[in-house]
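>>> Kindly generate the corresponding structure for this input.
(chains A and B)
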Amino acid sequence: DAGVIQSPRHEVTEMGQEVTLRCKPISGHNSLFWYRQTMMRGLELLIYFNNNVPIDDSGMPEDRFSAKMPNASFSTLKIQPSEPRDSAVYFCASLSGGALREQYFGPGTRLTVT
Amino acid sequence: GEDVEQSLFLSVREGDSSVINCTYTDSSSTYLYWYKQEPGAGLQLLTYIFSNMDMKQDQRLTVLLNKKDKHLSLRIADTQTGDSAIYFCAETFTGGGNKLTFGTGTQLKVEL
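Numbering: from 1, shown residues only, chains lettered A, B, ... in the order given. Prediction:
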């Protein structure tokens, strides 16, 4: 298996532009998580889905952030409009279920908003 | 809410043992985990312990859990330069579903 796939790996954009981050979870995994990592705030859970349904979006910072999971093999995280303070590494992770609940992380998307 | 705390940095010499500590507040933890993040990469599960265990050993890794004090530690024996990374403790808890609460991360630097 290729693991969790994220694209793009790097994104540089100007303030005010729309940004879309993409994630393909591991096939057969039924939970998907979006995290943001910064030096100041560490690793923050933004939202997670079970069976394509959003379960907990309490970490989504503002209405500028939205996430979708139209099917079991694809999810997007959209920021519109983007701001410099959104600059971070965004990780997607997926989980197969079972008691252990091991999450498998993608390589991340490094977002820079100028 | 749940809170998981770690010290930010640890520096050790190659060949020494490293001990990374973590404290948590939620008493309904089910599993506790150690994840490793190498530079430029995502987190990867290193080891875990079920909440009713006190200790788990896995090759060079020893996990100790003091449930009374809500304290978790990871000991790496014979630390190598390849162990340099950020280490996160994390927990799942009753009623939290599949959600993981991560600590702040400890940056381990291994010096020659």
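>>> ok, for the spatially most central residue of chain A, nearest residue in space, not its chain neighbours?
Closest to where the C-alpha atoms of chain A average out (CA atoms, centre = their mean) is A:W34, at 3.1 Å. Excluding the flanking residues, the one nearest A:W34 by CB to CB, 6 or more residues apart in numbering or on different chains is A:L46, at 4.4 Å. In short, each C-beta sits where N, CA and C put it, glycine included.
>>> Go ahead and name everything in contact with the helix or strand containing the one you found.
Under the criterion of DSSP states H and E, A:L46 resides in strand A:42-50. Identification of contacts with strand A:42-50 by CB atoms under 8 Å, 6 or more residues apart in numbering or on different chains yields A:30-38, A:54-57, A:59-61, A:65, A:67, A:69, A:75, A:77, A:91, B:43, B:88, B:97-100, B:102, B:104-105.
>>> Need the nearest residue in space to residue 94, chain neighbours excluded.
Since you didn't name a chain, this refers to chain A. In space, A:S94 is closest to A:P25, 3.4 Å off (CB to CB, 6+ apart).
>>> if you could check chain B rather than the one you did, that'd help
Using CB to CB, 6+ apart, the closest residue to B:T94 is B:S28 (4.0 Å).
>>> one step back: which helices and strands does whichever helix or strand comes after the strand holding A:L46 pack with?
Counting by DSSP H and E, the next helix or strand C-terminal to strand A:42-50 is strand A:53-56. In terms of contacts (3 or more CB pairs under 8 Å, 6 or more residues apart in numbering or on different chains; DSSP states H and E), strand A:53-56 is packed against strand A:42-50, strand A:65-71.
>>> lowest-confidence stretch among those strands?
Note on the helices and strands packed on strand A:53-56: lowest mean pLDDT is at strand A:42-50, with a mean of 93.
>>> which residues in chain B form helices?
With helices called from DSSP state H, chain B shows none.
>>> can you pull out the strands in chain A?
A:5-7, A:10-13, A:19-24, A:31-38, A:42-50, A:53-56, A:65-71, A:74-79, A:88-95, A:103-105, A:109-113 (DSSP state E).
>>> how big is the angle separating the fifth one from strand A:74-79?
Interaxial angle of strand A:42-50 relative to strand A:74-79 (axes from the mean of the first three to the mean of the last three CA atoms, to 10 degrees): 130 degrees.
>>> Measure how far strand A:42-50 is from the centre of its chain, please.
From the chain centre to the centre of strand A:42-50 is a distance of 7 Å (CA atoms, centre = their mean, to the nearest Å).
>>> do the fourth one as well
With CA atoms, centre = their mean as the basis, strand A:31-38 stands 5 Å off its chain's centre.
>>> Could you list every helix and strand in contact with it?
strand A:42-50, strand A:74-79, strand A:88-95.
>>> let's go with 10 Å and repeat that
The helices and strands touching strand A:31-38, judged by 3 or more CB pairs under 10 Å, 6 or more residues apart in numbering or on different chains; DSSP states H and E, are strand A:19-24, strand A:42-50, strand A:53-56, strand A:65-71, strand A:74-79, strand A:88-95, strand A:103-105.
>>> Residues of chain A that sit close to chain B?
Counting by CB under 10 Å from any CB of the partner chain, chain A comes close to chain B at A:3-4, A:6, A:9, A:30-33, A:35, A:37, A:41-45, A:48-50, A:55-56, A:58-59, A:89, A:91-93, A:95, A:97, A:99-108, A:110.
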